[in-house]
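Participant: just to be clear, the model below is a prediction. Sequence and coordinates:
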Amino acid sequence: MLNSSYQVRAYNIKHNCDVKGFLEAYKLILQRAIDEIWGRIRWVEKYEKGRKRLIPIIPKENRFKHHYLRNLLMEDWGYSRHYIDSAIKQAYSILHSWRRNYIRGERTREKPIVKRKFVRIKETLYSFRDGKIRVSVKPYEEYLTFDISIAWFLNRTRGKMGELILNEKYLTVTFRFREKWMKPNGKIAWDSNEKSLDGFSPKIGWVRADLRELFHIHRVYELKRRRLQTLASKKHKIREILRKYSRREGNRAKDFCHKLTSHLAKTLHMYIHGFELLEKRRMMNNSKKHNRSIAKSDWRTIYTYMSYKAKVIILNPRNSTKGCSRCGMINAPKGALYECSGCGLRIDRQLNAAINLYLQMEGLTPSPKLFEGLMRAWGGFTLTGEEAGEGSDEPVRSPRLMNPQSYVCLSKTT
Ligand SMILES: [Zn+2]
């Protein structure tokens, strides 16, 4: 949820309870539920791009789900009944995600097999009193008690204790809370580009987060993939390697986005961040569809992660690139420099867009007076950077570089 400020924190506690038998039984019953549903899947023939495909229809009638299946699983179940309901729910969610992936061509027609042993315990199925969590395993006879009264996180967390996840070694305790927002320290609007994220806030000016590393990650894997695809592409093994590549690529990109957003949230403490709405964004002169979709998905990842760590609001990208941030006139910028044919402003194109987005965040429309005010507050006068060097009187002000790897700290320079 982008605008909601619900947060979830999870903590692991090592436990010494003997839960082996219980977890094993749960794993079997979960697999049994999957088997039963699997056996009732209807396969419907469908033609797709001239190819015949079998599409699975998962049974979800109440009579089957809540009566037949539930009673069947209950037959030789010695533990509390609510675990059966959890198992049915989990079995359905496993099969639905298998189906989604199967339709996308990422999974085969093979029944999912449960491998890991763990049980999710909803908040209504345990009690928490005097620092002790009590989970019912068998009604009226067997309980698991976890004493967490000395756990370090108890006096650090806020909010309600949520779902528990139990495995052989650990109990994971989650907390859900609503983040309360104090008065923000400032606002910053971000213009996104393939190789950088350009932010503007009158307090600190122009901030640039370097995305070249992210771009590089995708480039490396794209080349790797291309090299493989020239070989016989239908071979099973190659498809497997390709899958592995895209998993790694995704993980590395996500890791980068996590580091970047953590850094931004930390250095711009208690700031409200404005991001453009994804769908309407124009992607800059990028001819390749593939690259475009990757840049889009990174953008989505960045603002999703940012919304976990700071307050995020969504902005309308309309005219943020074309409009002049000083007089509001619409121009068609070419290249890295924005030139206004109305008021003569010459400014870095990305900075111009970021200022426009910032004005939108504050509900303001551009005007020369406002523009001067924003620049004055920032402390330096800026226009273009490289242009200013060539005999111009304007002092040069380059964007502050921020890179999740070099960790150039904003606070040092302000
Ligand atoms: Zn202008």
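Facilitator: That came through fine.
Participant: what is the longest helix seen in the chain packed up against?
Facilitator: Taking DSSP state H as the criterion, the chain has its longest helix at helix 236-267. For helix 236-267, the packing partners by 3 or more Cβ pairs under 8 Å, 6 or more residues apart in numbering; DSSP states H and E come out as helix 212-229, helix 289-309, strand 400-402. Every residue, glycine included, has its C-beta placed from N, CA and C.
Participant: mind running it again at 6 Å?
Facilitator: Helices and strands touching helix 236-267, as assessed by 3 or more Cβ pairs under 6 Å, 6 or more residues apart in numbering; DSSP states H and E, comprise helix 212-229, helix 289-309.
Participant: what parts of the stretch 201-350 of the chain come near the ion?
Facilitator: Proximity of the stretch 201-350 of the chain to the ion (Cβ under 5 Å from the ion) is limited to residues 324, 326, 327, 329, 340, 342, 343, 345.
Participant: which of those has the most neighbours?
Facilitator: Counting neighbours by other Cβ atoms under 10 Å, residue 324 leads these with 26 neighbours.
Participant: without its sequence neighbours, what residue ends up closest to it?
Facilitator: Nearest residue to residue 324, sequence neighbours excluded (Cβ to Cβ, 6 or more residues apart in numbering): residue 340, at 4.1 Å.
Participant: wait, the one you found sits on residue 322?
Facilitator: No: with contact defined as Cβ atoms under 6 Å, residue 340 does not reach residue 322; the gap is 10.4 Å.
Participant: next, residue 187: phi, psi?
Facilitator: Dihedral pair for residue 187: phi -130, psi 140, per degrees, to the nearest 10.
Participant: now the stretch 101-250 of the chain against the ion: closest residue?
Facilitator: Nearest to the ion, among the residues of the stretch 101-250 of the chain, is residue 200, at 16.4 Å (Cβ to the ion).
Participant: for residue 45, see how far away that residue is.
Facilitator: Counting by Cβ to Cβ, to the nearest Å, the gap from residue 200 to residue 45 is 56 Å.
Participant: give me the more crowded residue out of those two.
Facilitator: Shown here are residue 200 and residue 45; by other Cβ under 10 Å, residue 200 has more neighbours (29 against 8).
Participant: if we can go back for a sec, beta partners for the residue of the stretch 101-250 of the chain closest to the ion?
Facilitator: Beta-bridge pairing for residue 200 (DSSP bridges): residue 189, residue 206.
Participant: can you read off the pLDDT for it?
Facilitator: pLDDT recorded at residue 200 is 90.
Participant: in terms of contact, does it touch residue 355 like I think?
Facilitator: Yes: the pair residue 200 / residue 355 is scored as a contact, 5.0 Å apart, by Cβ under 6 Å.
Participant: hey, where'd the helices end up in this structure?
Facilitator: Secondary structure of the chain (DSSP H): helices located at 20-39, 62, 69-74, 82-103, 212-229, 236-267, 289-309, 349-361, 368-378, 386-389, 410-413.
Participant: Throw the ones you listed into CSV and include mean neighbour count, thanks.
Facilitator: Below are the helices of the chain laid out as CSV (neighbours: other Cβ atoms under 10 Å):
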stretch, mean neighbour count
helix 20-39, 17
helix 62, 8
helix 69-74, 16
helix 82-103, 17
helix 212-229, 15
helix 236-267, 16
helix 289-309, 18
helix 349-361, 25
helix 368-378, 15
helix 386-389, 14
helix 410-413, 11
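Participant: could you list the domains of the chain?
Facilitator: 6-178, 186-211+249-413 (automatic domain parsing).
Participant: how close does residue 251 get to residue 304?
Facilitator: Distance, residue 251 to residue 304, using Cβ to Cβ: 16 Å.
Participant: swap that for residue 53, please
Facilitator: Distance, residue 53 to residue 304, using Cβ to Cβ: 32 Å.
Participant: now do residue 350
Facilitator: Separation of residue 350 from residue 304 (Cβ to Cβ): 22 Å.
Participant: surely residue 312 touches residue 306?
Facilitator: Yes: between residue 312 and residue 306 there is a contact under Cβ under 6 Å: 5.3 Å.
Participant: list residues touching both of these two?
Facilitator: The contact sets of residue 312 and residue 306 overlap at residue 273 (Cβ atoms under 6 Å, 6 or more residues apart in numbering).
Participant: quick one on the thing from earlier: take the helices and strands packed on helix 236-267 and lay them out in JSON lines including mean pLDDT.
Facilitator: Output for the helices and strands packed on helix 236-267, formatted as JSON lines (pLDDT from 0 to 100):
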{"stretch": "helix 212-229", "mean pLDDT": "87"}
{"stretch": "helix 289-309", "mean pLDDT": "77"}
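Participant: so for residue 205, which of the ones you listed sits nearest?
Facilitator: Closest to residue 205 of those, according to Cβ to Cβ: helix 289-309, at 19.8 Å.
Participant: below-threshold pLDDT in the chain: ranges please.
Facilitator: 1-7, 155-158, 179-182, 231-234, 278-294, 296, 377-414 (pLDDT under 70).
Participant: mind redoing it with 50?
Facilitator: Applying pLDDT under 50 to the chain picks out residues 1-4, 280-287, 380-414.
Participant: next, residue 168: phi, psi?
Facilitator: Residue torsions, per degrees, to the nearest 10, at residue 168 are phi -60, psi -30.
Participant: need the contact list for it.
Facilitator: For residue 168, the contact set (Cβ under 6 Å, 6+ apart) is empty.
Participant: distance check, it against residue 18.
Facilitator: According to Cβ to Cβ, residue 168 stands 9 Å off from residue 18.
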